[in-house]
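Q: below: sequence and its predicted model.
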Amino acid sequence: MPDTQQLALFEFRTVDPGRSCRCRLDVTGRGRGTTRLACALALAVCLVPAWATAGQISGLIRIDERPVAARVKIDVQYRSVVYSGTTTEYGTYLVSIPHTGRCQLTIRLTGGKQDPTVTVVSYDDPTTYNIDVARVDGGYRVVRAGP
């Protein structure tokens with residue numbers, strides 16, 4: 001059986017534009033099964049960072065010092081992409097975002113332009129934003145947002 005000399009070079013593109021993963025495998029003197037396994041592992045290793053860098057934004061939302069109702073929609077917009085979540089019965093929320101940077105968090109209380117919005121920052125690590133909202137002139141306004 002001949003000794004196989006194989007070198008595999010992979011480049012996988014992630015969902016984020018301009019971000020890619022390159023893998024170089026040197027599979028010397030191995031059979032085809034090993035090469036396939038190495039290729040599968042290379043793909044898995046390249047895909048994990050895309051999931052691992054996903055940030056999470058979570059916290060508690062209160063209106064007039066009381067937790068917001070359950071199932072209130074929360075939208076977090078990063079550039080032109082919107083990620084959504086809902087509140088629990090305790091007024092807490094959790095939205096996962098596969099990006100880091102400044103985002104707009106909107107609490108969908110009225111379903112219109114009166115919905116309170118606050119700027120938040122998504123990091124590689126989970127971030128907590130507790131948000132206090134007040135009723136003002138028939139609408140809502142964020143009075144405090146922070147950890």
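A: Okay, I see it.

Q: mind listing the helices for this structure?
A: 32-52 (DSSP state H).

Q: pLDDT weak spots in it?
A: Scanning the chain for pLDDT under 70 picks out the ranges 1-54.

Q: what sits opposite the residue nearest to Y90 when sequence neighbours are not counted in the beta ladder?
A: Nearest-residue entry for Y90: P67, 5.7 Å, with adjacent residues in sequence omitted and distances by C-beta to C-beta, 6 or more residues apart in numbering. C-beta coordinates here come from the backbone N, C-alpha and C atoms, glycine included. Assessed by DSSP bridges, P67 has beta-bridge partners R62.

Q: would you check how far apart the nearest residue to Q114 once chain neighbours are set aside and C103 are?
A: Spatial nearest neighbour of Q114, excluding adjacent residues (C-beta to C-beta, 6+ apart): G139 at 4.0 Å. Using C-beta to C-beta, to the nearest Å, G139 is found at 22 Å from C103.

Q: show me which of these two is the more surrounded one.
A: Using other C-beta atoms under 10 Å, the more surrounded residue of G139 and C103 is C103, with 25 against 14.

Q: on that earlier part again, how near is the residue nearest to Q114 to S58?
A: In this view, G139 and S58 are 25 Å apart by C-beta to C-beta.

Q: how about T119?
A: 16 Å.

Q: and for S84?
A: Applying C-beta to C-beta, the value for S84 to S58 is 14 Å.

Q: anything in contact with each of these two?
A: V95 (C-beta atoms under 8 Å, 6 or more residues apart in numbering).

Q: okay, these two: which has more neighbours?
A: Of the pair S84 and S58, S58 is the one with more neighbours under other C-beta under 10 Å, namely 16 against 12.
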